[in-house]
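A.B. asks: sequence below, structure please.
(2 chains)
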Amino acid sequence: MSQTREDPDRALMARIEARDADALAALYDRYGGRLLGLAQRILGRGGEAEEVLQEVFLFAWKSAATFDPSRGTVRTWLLIATRSRSIDRLRSRRSSSRPEVRSLEEVTVNPAAPDDVEASSSDREWESLCRAAVGDLPEDQRRALELAYFEGLTHQEIAARTATPLGTVKTRVRLGLMKLRERMRPYLGSGSDAS
Amino acid sequence: MPHSERHEELVAATALGVPLDADRAELERHLAEGCARCEMLLVDLREASTALAAEAPPVRPPDALRGRILSSLGPARVPAKPASPVFARLLAAAAMLLLVIVGLDDARLRRQREELRSQSAELASRLQSAESALAERTLRARVLESDDVQMLMLGGKDPQPSARGRVFWSPKAKRGVLVAANLTPLPADRQYELWVFQKGKPVAAGVFDVDPQGRALFESTQFPEAEAQNFAVTIEPRGGVPAPTGPIVLVGSPAA
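C.D. replies: Below is the predicted model of the structure:
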């Protein structure tokens, strides 16, 4: 059955709602490294990624009551919060200063050594499923999704960057996400896998 | 409009956080019409999109960061506002909203700031209308002039990110007033439902409709006695439901 229904993170969220700071610390220990890795992938190494991490955990502390388990896991909630805040900063950087043309290679940071960050076995299992799911996507779909996810590009911008017709880009994004959905079914929160 | 592949395209883009610009209204309409398939797809694809995050390997945060975060935690309660004449209070609230729109360093609002700047004049005018209506209501005596009146801003979420609202409430009177703008008018079989978060759980606080301009002024007398931590508005079947089932369109941000 779905792992979301046994998710120990939800117990942490309940304690955070009850203003238990130890629970927030536990959530941080569990996901801080994962979220910082994501923020750094989007923003590069530096203070901004750490600021995002701080914002995300303050958000979790103050808005735990708005977490809705029927709409996804705690990990998803935190990843979406991290990703959207990072993309906000990236877009703000683009509009307020120089228009940057960045490639994925430029913003990719050096990964930590595998043993540098302790991950729970469930997190490793999740990561390995995700990597396999993304790795199995056709190259053009994966590229379109990465440009949207890590660089915050619009359909039009992806079309321009990859010299691809707009309609094709929209289709790639849709098909790519649909494929990820199939592969990620054990982790989906909508209950669509409940049959 | 019946479900189509195009809607799935729009849902996929939304799940991925890709700005839809002109197409957003179309998706909002479709979801407001109650397409359960797209609702479910949006939840699933949003979750599925996080698979991409696994491409970014974890990084050990600096040791000091943990302490910095934990030491910055404060109670997420909304401070009580001092009593003041209603009109002055409403003007102050409108000014505060504009300040929020232009300058608030809130990440969620920042994402929409550019869009909101262009809408701020229109919003201010809508607020004035809503507030004139508010001034005509006797409820002001019961809620807004209570010496324990509190206020919380609500921000829009997908599928209605430009929705805005404020809740004024009096814990003593167990009443509250929601003033909202930019909500999408719903089909006849749907209504908006207000939820009060109490001890982390949503408690139904009544259903309401919006006018053709998407504005609402709603008084709830169903506020729980205990302290309200947050508020949210969802789309539900007409008449309301005891526990939320539909999409959240407005939610408070105690962090702000």
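A.B. asks: so how many other residues sit close to B:P247?
C.D. replies: Neighbourhood size, B:P247 [other C-beta atoms under 10 Å in any protein chain shown]: 20. Every residue, glycine included, has its C-beta placed from N, CA and C.
A.B. asks: pretty sure it is in contact with B:P159, am I right?
C.D. replies: Yes: with contacts counted by C-beta atoms under 8 Å, B:P247 reaches B:P159, the gap being 6.3 Å.
A.B. asks: wait, what's in contact with whatever residue of the stretch 151-256 of chain B ends up closest to chain A?
C.D. replies: Per C-beta to the nearest C-beta, B:G200 is where the stretch 151-256 of chain B lies closest to chain A, at 3.4 Å. B:G200 is in contact with A:A14, A:E17, A:A18, A:A64, A:A65, B:Q229, counting by C-beta atoms under 8 Å, 6 or more residues apart in numbering or on different chains.
A.B. asks: which residues does the fifth one contact?
C.D. replies: Same thing as A:A65. Contacts of A:A65 by C-beta under 8 Å, 6+ apart are A:E17, B:F197, B:G200, B:K201, B:Q229, B:N230.
A.B. asks: wait, is it part of a helix?
C.D. replies: Yes: A:A65: assigned to a helix according to DSSP: H, G, I helix; E, B strand; the rest coil.
A.B. asks: domains in the chain, by residue range?
C.D. replies: I'll assume chain A. Chain A resolves into domains spanning A:1-111, A:119-195 when parsed by automatic domain parsing.
A.B. asks: hmm, no, I was thinking of chain B.
C.D. replies: When chain B is cut into domains by automatic domain parsing, you get B:1-73, B:86-252.
A.B. asks: which residue ranges form the helices in chain B?
C.D. replies: Assigned by DSSP state H, the helices in chain B fall at B:5-15, B:24-32, B:36-49, B:63-71, B:86-103, B:107-111, B:113-135, B:139-142.
A.B. asks: low-confidence ranges, chain B, go.
C.D. replies: Applying pLDDT under 70 to chain B flags residues B:1, B:74-147, B:253-256.
A.B. asks: and what of chain A?
C.D. replies: In chain A, residues with pLDDT under 70: A:1-7, A:97-120, A:189-195.
A.B. asks: quick check, central residue of it?
C.D. replies: By C-alpha atoms, centre = their mean, chain A has its centre lying nearest to A:L79, at 3.8 Å.
A.B. asks: OK, contacts around it?
C.D. replies: With C-beta under 8 Å, 6+ apart, A:L79 has these contacts: A:R34, A:L35, A:L38, B:T50, B:A53.
A.B. asks: and the buried ones among the residues you listed, selectable in PyMOL?
C.D. replies: The PyMOL selection below is limited to those of these classed as buried (16 or more other C-beta atoms under 10 Å in any protein chain shown):
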select buried, (chain A and resi 34+35+38) or (chain B and resi 50+53)
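A.B. asks: circling back: mind giving me the PyMOL select for the contacts of A:A65, buried ones only?
C.D. replies: In PyMOL, a selection of the buried entries from the contacts of A:A65 looks like this (16+ other C-beta under 10 Å):
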select buried, (chain A and resi 17) or (chain B and resi 197+200+229+230)
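A.B. asks: closest to A:S92 out of the contacts of A:A65?
C.D. replies: B:N230 (26.7 Å; C-beta to C-beta).
A.B. asks: run a quick check on that closest one versus A:F67, I expect a contact.
C.D. replies: No: look at B:N230 against A:F67 with C-beta under 8 Å: they stay out of range, at 11.0 Å.
A.B. asks: give me the common contacts of these two.
C.D. replies: Between them, B:N230 and A:F67 share no contacting residue, judged by C-beta under 8 Å, 6+ apart.
A.B. asks: so for B:P247 and B:P159, which residues contact both of them?
C.D. replies: Common contact partners of B:P247 and B:P159 (C-beta under 8 Å, 6+ apart): B:L31.
A.B. asks: quick revisit: element containing the residue nearest to the centre of chain A?
C.D. replies: A:L79 is part of helix A:74-96 when elements are defined by DSSP states H and E.
A.B. asks: which of the residues in stretch B:4-15 are buried?
C.D. replies: Result for stretch B:4-15 [16+ other C-beta under 10 Å]: buried residues B:H7, B:E8, B:E9, B:L10, B:V11, B:A12, B:A13, B:T14, B:A15.
A.B. asks: and the end-to-end length of stretch B:195-205?
C.D. replies: End-to-end distance of stretch B:195-205 (C-alpha to C-alpha, to the nearest Å): 5 Å.
A.B. asks: which parts of that stretch are buried?
C.D. replies: Quick answer for stretch B:195-205 (16+ other C-beta under 10 Å): B:W195, B:V196, B:F197, B:Q198, B:G200, B:P202, B:V203, B:A204, B:A205.
A.B. asks: can you lay out the buried residues of stretch B:4-15 as JSON lines showing distance to B:D21?
C.D. replies: Formatted as JSON lines, those follow (distance: C-beta to C-beta, whole Å):
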{"residue": "B:H7", "distance to B:D21": "16"}
{"residue": "B:E8", "distance to B:D21": "18"}
{"residue": "B:E9", "distance to B:D21": "14"}
{"residue": "B:L10", "distance to B:D21": "11"}
{"residue": "B:V11", "distance to B:D21": "15"}
{"residue": "B:A12", "distance to B:D21": "15"}
{"residue": "B:A13", "distance to B:D21": "10"}
{"residue": "B:T14", "distance to B:D21": "12"}
{"residue": "B:A15", "distance to B:D21": "16"}
